[in-house]
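S.K.: Sharing a model prediction with you, sequence too.
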Amino acid sequence: MKRAAVLGLVGSVLASTAAEARDRSTLETGDRSWAAQDRQAARAAWKAAAEASDPAVRAQAEARLLLVSGNLGLSVHGPRAEQALATCPEADPWCALASADLVLFARAVGVPLALEDAVNAASNAAPQLPGPAAARLVWAGVAPPSSLSGHTLDALGHAVHDAGGVFPSGPGTWVAGLGVLGSSGQGAGAGIRFLHPDIGLAGWRLDAAALVTTRLAGQATLRLRSPGTWGASGSIQAARLVVDRYNDTGGVTPALVQSMSADVQPAFRGERVALQAGPLLRWDRAGDTILAGHGAAAAAAWARETSDGTLQLDGGVSVAFADYAHQEGESSARWTGPEGRLAAWLHGRAAPWSQAPYWRLPAAGGGQVLRHGPVGRFRDRALAASVLEWRLRPDATTGGVLFVEGARVDGWHAGAGVGLRLRLPPRPHNTVRLDIAVGDGGVGISAGWGEAF
């Protein structure tokens, strides 16, 4: 009986060890799949690892699932990871690394956990697991990527090494929420938005939003973009706008405009260059008059990231030839400094031969190109504008901006202002902004999602 008991105990230990090895292998399969951009396989492996018997593996899997679980993931996978860590043996170095992983993955989606907790946990595991611990320290930014050389790395470590010192972020996860929106001239209001940059974990991007303001202006938009080098994008938009027309003496003539548009554009998206073109359908209604502005549109974009910052160039043209003739071109250049603190925007738009209604002409004010003055305060057939913005605490949950702006549209105009930023998890798609600007067009207040440019 004694021999049988010993054999049974040994068998149980071996079985437990084998199960833990399988669980960790499943977790690492997920990490390798994520690094290879196979996000469906990564999520499947992480979900399987989240059912493991090893609490360290469970905690690590739940932490990784924050990358793909949207808003709800913050209230589901975070607590589950904490529960697993609570049952983790203190002497297990993998439990220390699991604690570090929770901090690092939570910070990756915008939860402001203390980075020093991850550094301390990884340092505690370093004597027994030097390679995996070094990878966490590199990702935390306290050790150079070169420190990974000569170590035996886990799958996360290989991913961090190959990505130059960070775990690959992927395209982000979905965001659903309510927000305060509005601008001077259109009134204050509320909006609802659902943005999913990776539908089916296959790269499809959906952006749907609806808003209404106290001036009874409103808009609903649905945009969808396919993945891949060759694909397509399309959108449907319906709006109810109160368009103010300003005369030379400062008088205002308001008009109620209802608009609907739809487009589908085949697209090419290379590593730096993107091109798309296709048909455009558009209807405007003002009073009892309905005007069709059907035609075609094309756009191009180029982007490059260097040690000096990120530069993006965009341009597009559209033509309409139904109830009126309208030709329009626009271009933009956006630059963001290497630490995200300094940003600049140059923008031009022109419709020199347009026969469209005046509300289709280039406009500035109230957050539309210029942030001072009410929406559409300045309107003309051509527009050129520039903005320089200093972004305070660009990586923090709360931050601010200082900006100066100028434009040539129906004369020269200049202004300046300040703004607040609230960057909610999951990042990078969940930023709320509030800006106040003053200039020769008056005071302007605008609120919305995302940075102004």
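M.R.: Yes, it's here. Keep in mind that what you see is a predicted model, and the values were worked out from it rather than measured.

S.K.: okay, and for the chain, where does confidence drop off?
M.R.: Applying pLDDT under 70 to the chain flags residues 1-18.

S.K.: let's see 50
M.R.: Where the chain drops to pLDDT under 50, the residues are 6-15.

S.K.: residue ranges for the helices of it, please.
M.R.: 2-35, 39-49, 55-64, 70-86, 93-108, 115-125, 130-139, 155-162 (DSSP state H).

S.K.: Out of the ones you listed, which one sits most buried?
M.R.: Greatest average neighbour count among the helices of the chain goes to helix 55-64 (a mean of 27), per mean count of other Cβ atoms under 10 Å. In this view, the C-beta of every residue, glycine as well, is placed from N, C-alpha and C.

S.K.: still on that earlier bit, so which of the helices of the chain is nearest residue 296?
M.R.: Each of those has some distance to residue 296 by Cβ to Cβ; the shortest is helix 39-49, at 34.6 Å.

S.K.: Tell me which residues are up against the closest one.
M.R.: Residues outside helix 39-49 that contact it (Cβ atoms under 8 Å, 6 or more residues apart in numbering) are 23, 26-27, 29-31, 33-34, 57-58, 60-61, 64-65, 68, 170, 198, 200-202.

S.K.: Give me the angle between that helix and helix 70-86.
M.R.: With axes from the mean of the first three to the mean of the last three Cα atoms, to 10 degrees applied, the angle from helix 39-49 to helix 70-86 works out at 40 degrees.

S.K.: Skipping adjacent residues, who's closest to residue 65 in space?
M.R.: Spatial nearest neighbour of residue 65, chain neighbours left out: residue 77 (4.5 Å); criterion: Cβ to Cβ, 6 or more residues apart in numbering.

S.K.: That neighbour is in contact with residue 66, isn't it?
M.R.: Yes - using Cβ atoms under 8 Å, residue 77 makes contact with residue 66 at a distance of 5.3 Å.

S.K.: what's the distance between the closest residue to residue 145 other than its chain neighbours and residue 446?
M.R.: Closest residue to residue 145 apart from its sequence neighbours, by Cβ to Cβ, 6+ apart: residue 165 at 4.3 Å. Computed as Cβ to Cβ, to the nearest Å, the residue 165 to residue 446 distance reads 37 Å.

S.K.: more crowded one of those two?
M.R.: More neighbours surround residue 446 than the other of residue 165 and residue 446, with 25 against 18 (other Cβ atoms under 10 Å).

S.K.: Could you list the domains of this structure?
M.R.: Using automatic domain parsing, the domain parsing of the chain gives 19-162, 175-449.

S.K.: ranking these by burial, who's on top?
M.R.: domain 19-162 (a mean of 20).

S.K.: So what would you say the end-to-end distance of that one is?
M.R.: Domain 19-162 stretches 29 Å from its first residue to its last (Cα to Cα, to the nearest Å).

S.K.: How far does it sit from its chain's centre?
M.R.: Its chain's C-alpha centre and that of domain 19-162 lie 23 Å apart, by Cα atoms, centre = their mean, to the nearest Å.

S.K.: Kindly report the same for stretch 149-169.
M.R.: The answer for stretch 149-169 is 24 Å, by Cα atoms, centre = their mean.

S.K.: And stretch 314-332, by the same measure?
M.R.: That offset, for stretch 314-332, works out to 28 Å (Cα atoms, centre = their mean).

S.K.: again, but for stretch 422-429
M.R.: How far stretch 422-429 lies from its chain's middle: 8 Å, per Cα atoms, centre = their mean.

S.K.: Output that stretch in CSV with nothing but the alpha carbons.
M.R.: Below are the C-alpha coordinates for stretch 422-429, written out as CSV (Å, rounded to 0.1, in the frame of the first residue of the first chain):
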residue,chain,number,x,y,z
LEU,A,422,-9.6,62.9,-21.4
ARG,A,423,-8.1,59.7,-22.7
LEU,A,424,-10.2,56.8,-21.6
PRO,A,425,-9.5,53.1,-22.0
PRO,A,426,-9.5,51.3,-24.2
ARG,A,427,-7.0,53.3,-26.2
PRO,A,428,-6.1,54.6,-28.7
HIS,A,429,-9.6,55.3,-30.0
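
S.K.: now what about that stretch, what contacts it?
M.R.: Identification of contacts with stretch 422-429 by Cβ under 8 Å, 6+ apart yields 66, 70-71, 73-74, 106, 108-111, 172-175, 177, 195, 197, 396-399, 430-433, 450.

S.K.: Run through who's touching stretch 304-314.
M.R.: By Cβ under 8 Å, 6+ apart, stretch 304-314 touches 272, 299-303, 331-338, 342.

S.K.: cool, stretch 21-35 as well?
M.R.: 39, 41-46, 48-49, 52-54, 57, 60-61, 64, 67, 94, 154-156, 158-159, 162-163, 168, 170.

S.K.: Please apply the same query to stretch 323-330.
M.R.: 291-293, 295, 315-320, 347-357, 360, 362.

S.K.: Show me the strands in the stretch 351-453 of the chain, by range?
M.R.: Ranges of strands in the stretch 351-453 of the chain, per DSSP state E, counting those that start in this stretch, are 363-364, 378-379, 382-392, 398-408, 412-423, 431-439, 442-449.

S.K.: same question, the stretch 151-300 of the chain
M.R.: Using DSSP E, counting those that start in this stretch, the strands found in the stretch 151-300 of the chain span residues 175-183, 187-199, 204-213, 218-225, 230-246, 252-269, 273-286, 289-292, 295-306.

S.K.: relative to strand 230-246, how tilted is the last one?
M.R.: With the same axes, to 10 degrees applied, the angle from strand 295-306 to strand 230-246 works out at 110 degrees.

S.K.: Partner strands of strand 295-306 and their direction?
M.R.: For strand 295-306, the paired strands and their directions (DSSP bridges) are strand 273-286 (antiparallel), strand 309-321 (antiparallel).
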